[in-house]
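1. fold the following for me, if possible:
(4 chains)
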There are 2 protein chains.
Amino acid sequence: MSASETRQQIVEAADELFYHRGYEKTSFSDIADAVRISRGNFYYHFKSKDEILDAVIKGRLTATRLVLDSWETDAKGPVDCIRSFINILIANRADIKKYGCPIGTLSTELSKFDHVSRVDANRLFTLFRTWLCEQFEMLGCGDNSDRFAMHLLARSQGVATLAAAYRDDDFIRREVKEMSDWLDACVKPIAGASRRAG
Amino acid sequence: MSASETRQQIVEAADELFYHRGYEKTSFSDIADAVRISRGNFYYHFKSKDEILDAVIKGRLTATRLVLDSWETDAKGPVDCIRSFINILIANRADIKKYGCPIGTLSTELSKFDHVSRVDANRLFTLFRTWLCEQFEMLGCGDNSDRFAMHLLARSQGVATLAAAYRDDDFIRREVKEMSDWLDACVKPIAGASRRAG
DNA sequence: GTCTATACTGAGATAGAC
DNA sequence: GTCTATCTCAGTATAGAC
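-> Below you'll find the model as predicted:
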């Protein structure tokens, strides 16, 4: 097997394990077992556990960027884009009920002890934040755009946290509906204003 | 020192450390250092780390119960009570920015690997949930009471998560204001209906 | 590039002296 | 009730054979 293939497998396995068990709880053995390589081989590809975390975060950033791009090409407009974001809670509800949000739980874990990768992990949040902000700006929300973005991010995080605690499907659906309604209410006056203006 | 005193000190130190570092990251040595006892002495009071976690959760349940009671005696009515809940985000913002919500982060950590105490940790959420639900019921929210309770819990959790990620004070204040507005809007139609009815 | 063997550390936990 | 000494185990990490 080529080095880059093995490396890739390690990152993928680590990604999943960090999400499912948490960073601290995941050991080299866990990852090695998942990839079916020896613990020793490990260090040919990564010098430390932190380096794997780094690679995992970079991978997630790239993957997230791709998802955001696909939403933009598939959607009819910014409102549709934002709704795609809201709906990931439904799409990923099985995992969220078991492990929470992969971004939120990692960020929380690293925040606790000011891990070196804390800043990198938060860039995942920021990726969504700026993207959502852009959507709201396109809708003419102006100075409120970033606030709206943060508001949606926060609501999603809260839903993920409680969904994991109570493993409740109906709760997720209800809150997603409310977020969707909030979006409509938030956009309607702007659409009305532009109709009146135009 | 009496056994119960030492025990109490251990629980208090563990409570803080579990909050600040997380359960997994906190070792016996950490707790022993904080209380200034030897690691060995430890086992006179608790048989295992899980047992300490148990005691910490029980302590938090008792403390929370007391806080809820004090809110009820201090407040003018259910709306005031609910506002007290919303405002803990402001009151505890310094800690929340550093370590997130003590309940949410513990619940998240234990959920990941289905820890035995997961259910107990969630009882902390449930304590707030049922209490909030009762307040909404007193306001005549009927079948919506539990949904409103969960909605507020989720919003608080989301705010705590993002506040910890971005260490942002203004964001907390803004979201608290919005939750407060939501509460007003949520209660106004009921108050109006009862005025019309009465 | 992958393996085995192994060093080193810190974790949770126990035994027994005081 | 508290201590020191010690055990066992799992963790990260390294060295060197293949």
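
2. can you pull the buried residues of the lengthiest helix in chain A?
-> Ranked by residue count and defined by DSSP state H, the top helix of chain A is helix A:169-197. Neighbour counts over helix A:169-197 (16 or more other Cβ atoms under 10 Å in any protein chain shown) mark A:Phe171, A:Ile172, A:Glu175, A:Val176, A:Glu178, A:Met179, A:Trp182, A:Leu183, A:Cys186, A:Val187 as buried. C-beta coordinates here come from the backbone N, C-alpha and C atoms, glycine included.

3. so what secondary structure elements neighbour it?
-> helix A:78-91, helix A:93-99, helix A:145-166, helix B:145-166 (3 or more Cβ pairs under 8 Å, 6 or more residues apart in numbering or on different chains; DSSP states H and E).

4. now those in TSV, with distance to DNA strand C?
-> Compiled in TSV, the helices and strands packed on helix A:169-197 are given as follows (distance: least, Cβ to the nearest atom of the strand, whole Å):
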stretch	distance to DNA strand C
helix A:78-91	34
helix A:93-99	23
helix A:145-166	24
helix B:145-166	23
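
5. relative to A:Leu61, which of those helices is closest?
-> helix B:145-166 (15.1 Å; Cβ to Cβ).

6. buried ones in that closest one?
-> For helix B:145-166, by 16+ other Cβ under 10 Å, it's B:145-166.

7. for stretch A:85-92, same thing?
-> Buried, per 16+ other Cβ under 10 Å, within stretch A:85-92: A:Phe85, A:Ile86, A:Ile88, A:Leu89.

8. for A:Leu53, state which of these is nearest.
-> Distance to A:Leu53 across these (Cβ to Cβ) is lowest for A:Ile88, with 22.8 Å.

9. which pLDDT does the model give that closest one?
-> For A:Ile88, the pLDDT comes out at 98.

10. dump the buried residues of helix A:169-197 to TSV, plus pLDDT.
-> Below are these laid out as TSV (pLDDT from 0 to 100):
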residue	pLDDT
A:Phe171	98
A:Ile172	98
A:Glu175	98
A:Val176	98
A:Glu178	98
A:Met179	98
A:Trp182	98
A:Leu183	98
A:Cys186	89
A:Val187	84
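
11. which two in those residues are spaced the farthest apart?
-> A:Phe171 and A:Val187 (24.8 Å).

12. which parts of chain A sit against DNA strand D?
-> A:26-30, A:39-40, A:42-43, A:47-50 (Cβ under 7 Å from any atom of the strand).
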